[in-house]
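>>> Please find the sequence and the predicted model below.
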Amino acid sequence: MSSQLLNPGRFAPSDAGEGEDFEDPELLALPPPPKAQRQLTVALLLLVALTASAMVYALRGEARYALTPDRDLDLGDLHAVDTAKVEDNRYVTEHGALGGALAVRFERPFEGDTYRLSPVMGRRDLWVEVRVPAGTESGRYVPPTSFTGRLVRFDRSGLRHRGLEGAVSSLTGGDIPAGARLLVDGESPGGARWALALAALFGGFAVWCLATMARLVRRVS
């Protein structure tokens, strides 16, 4: 015997007269679909997708650097190089003396080494970050004069340098010029692959959240 479902708790068997239906008390007693919980889930998925997308955007510079050729470009003397003519986010080698008057020392969480950020002597538009192994930092520390690493605009240096530009400006008592470059000594494209992996992870998570949200929205409608 076939039957046609009219609504929850109400059905009409085929042998009943037209327009006559019967009510099932058990079906009528069921609670309505949890629309509020579903809407909350959709909102949370949207928030997570936006956050993951923001992380991908923040990691774009490091991820792009990880894809650059692992061959350093020799730019010669730090004091004479015209950084405006050098492509941003490149793996380069340079040499020259650093200024000590405006040097800033800082640390990163969960790392025993410290870092020194110094301008090239006689310049304010080119800065060099040098990693100082734990135990070697002292008042007699002498920075190296040859550097190989990532050359990037200060304001595009990524998450690991977020807020550093403003901190340097406040500590040194002067603003860093617009378009100033930062040379991160020791950072090769191969060493930046962590950013590429993280960007792929966050990107995949954002896509999964959006796909799940779309399925939930279709069910609601």
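Nice, thanks for sending it over.
>>> CA only for contacts and neighbour counts going forward, please
Fine.
>>> Low-confidence ranges, this structure, go.
Low-confidence regions of the chain, defined here as pLDDT under 70, cover residues 1-24, 27-28, 30-33, 137-139, 172, 219-221.
>>> Using the record, which stretches count as separate domains in it?
By the assignment in automatic domain parsing, the chain contains the domains 34-67+190-221, 68-188.
>>> For those domains, give me JSON lines that also has distance to residue 25 and mean neighbour count.
Written out in JSON lines, the entries for those read as follows (distance: least, CA to CA, whole Å; neighbours: other CA atoms under 10 Å):
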{"stretch": "domain 34-67+190-221", "distance to residue 25": "20", "mean neighbour count": "16"}
{"stretch": "domain 68-188", "distance to residue 25": "60", "mean neighbour count": "16"}
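>>> any chance of those in a markdown table, plus distance to residue 26?
Putting these into a markdown table (distance: least, CA to CA, whole Å) gives the following:
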| stretch | distance to residue 26 |
| --- | --- |
| domain 34-67+190-221 | 18 |
| domain 68-188 | 57 |
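>>> Remind me what the longest helix along the chain packs against, helices and strands.
Taking DSSP state H as the assignment, the helix of the chain that covers the most residues is helix 193-220. Under the contact criterion of 3 or more CA pairs under 8 Å, 6 or more residues apart in numbering; DSSP states H and E, helix 193-220 touches helix 35-58, helix 60-66.
>>> next one: it to chain centre, how far?
Centroid displacement of helix 193-220 relative to its chain, using CA atoms, centre = their mean, to the nearest Å, is 15 Å.
>>> Likewise for stretch 130-149?
Mean-position distance between stretch 130-149 and its chain equals 28 Å (CA atoms, centre = their mean).
>>> Just the C-alpha atoms of it, please, in PDB.
Written as PDB, here are the backbone C-alpha positions of stretch 130-149 (Å, rounded to 0.1, in the frame of the first residue of the first chain):
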ATOM      1  CA  VAL A 130      71.200  39.500  12.200                       C
ATOM      2  CA  ARG A 131      70.600  36.500  14.400                       C
ATOM      3  CA  VAL A 132      72.900  36.300  17.400                       C
ATOM      4  CA  PRO A 133      73.400  32.800  18.900                       C
ATOM      5  CA  ALA A 134      72.600  32.400  22.600                       C
ATOM      6  CA  GLY A 135      75.500  33.200  24.800                       C
ATOM      7  CA  THR A 136      77.400  35.400  22.300                       C
ATOM      8  CA  GLU A 137      75.400  38.600  22.900                       C
ATOM      9  CA  SER A 138      77.500  41.100  24.900                       C
ATOM     10  CA  GLY A 139      78.700  44.700  25.000                       C
ATOM     11  CA  ARG A 140      81.600  43.700  22.800                       C
ATOM     12  CA  TYR A 141      79.500  42.100  20.100                       C
ATOM     13  CA  VAL A 142      80.800  42.900  16.700                       C
ATOM     14  CA  PRO A 143      78.300  42.400  13.800                       C
ATOM     15  CA  PRO A 144      79.400  40.600  10.600                       C
ATOM     16  CA  THR A 145      80.100  42.600   7.400                       C
ATOM     17  CA  SER A 146      78.800  40.000   4.900                       C
ATOM     18  CA  PHE A 147      75.100  39.000   4.700                       C
ATOM     19  CA  THR A 148      73.000  36.600   2.700                       C
ATOM     20  CA  GLY A 149      69.300  36.400   3.000                       C
END
